[in-house]
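Novice: sequence and predicted model, in that order:
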Amino acid sequence: ASGFSALRMSRHTGGFCLPPGTAWPWGTAWAMGGEYLAAARFLGVAGLILLSGTDALWFPVGYTAGYLMLLLFVSAPLRRSGAYTIPDFTEARLDSRAVRRVTSVVVVVVGWLYIVPQLHGAALTIRITTGLPAWVGSAAVVVVVCLTVVAGGMRSITFVQAFQFWLKLTAIAVPVLFIVF
């Protein structure tokens, strides 16, 4: 649904790519928070605590500090430069197509390392909960993401991430409130 509502606002290619300054700042912040509060982080930290005890609580501190460094040293200069992507930024900053190509490869490799566990998790979830073949879960995730992007571009992804932020924040807050009260 968010993809199709974003499609109405994306009347041209620039609107599809969500150029700087066209997004609602709070919505963008919620989207960034939604990405930061990824389910993989919750599950990963829970698993680390199960394996290592409370010593593993330093991992969330570490990636929170890393996130702040990312905002300070990557996001801020990227936004000031007017570039849409890190490869765009490196080419503009260093005036080199070769550096852009290397940066593009690095971005794709990092993205691949991020998406493969997500697809594997979806495959396991579908297989365990429904008994369907594991590939169905991965295929379902790919289809839903592709439809969302095609329907409304980066604006729709921003809406989805902002919604997920509030959903995840609620998932954290409700148990905490039960524990406190």
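Specialist: Nice, thanks for sending it over. Since we're looking at a predicted model, the values are computed, not measured. Numbers count the residues shown, from 1 in each chain.
Novice: can you tell me the SS state at residue 84?
Specialist: coil (DSSP: H, G, I helix; E, B strand; the rest coil).
Novice: residues contacting the residue positioned nearest the centre of the chain?
Specialist: What sits nearest the mean C-alpha location of the chain, by C-alpha atoms, centre = their mean, is residue 35, with 3.7 Å. Listed by C-beta atoms under 8 Å, 6 or more residues apart in numbering, the contact set of residue 35 reads residue 161. Placement of C-beta: from N, CA and C, glycine included.
Novice: secondary structure class for residue 106?
Specialist: Put simply, residue 106 is helix when judged by three-state DSSP.
Novice: state the distance from it to residue 144.
Specialist: 27 Å (C-beta to C-beta, to the nearest Å).
Novice: return the distance of the strand or helix carrying residue 70 from the chain's centre.
Specialist: Residue 70 belongs to helix 58-70 when elements are defined using DSSP states H and E. Taking C-alpha atoms, centre = their mean, to the nearest Å, the mean C-alpha location of helix 58-70 is offset from the chain mean by 16 Å.
Novice: immediately after that helix, which helix or strand?
Specialist: That would be, after helix 58-70 and using DSSP H and E, helix 76-81.
Novice: hmm, who's touching that following helix?
Specialist: 20, 86, 88, 89, 92, 93.
Novice: which element is the residue nearest to the centre of the chain on?
Specialist: With DSSP H and E as criterion, residue 35 is part of helix 25-36.
Novice: please identify the buried residues of that helix?
Specialist: 27, 28, 30, 31, 32, 33, 34, 36 (16 or more other C-beta atoms under 10 Å).
Novice: could you verify my assumption that the first one touches residue 165?
Specialist: No: at 9.5 Å, residue 27 does not count as touching residue 165 under the criterion of C-beta atoms under 8 Å.
Novice: where's the helix ranked longest in the chain relative to the chain centroid, distance-wise?
Specialist: Taking DSSP state H as the criterion, the chain has its longest helix at helix 134-180. From the chain centre to the centre of helix 134-180 is a distance of 9 Å (C-alpha atoms, centre = their mean).
Novice: fine by me, we can end here.
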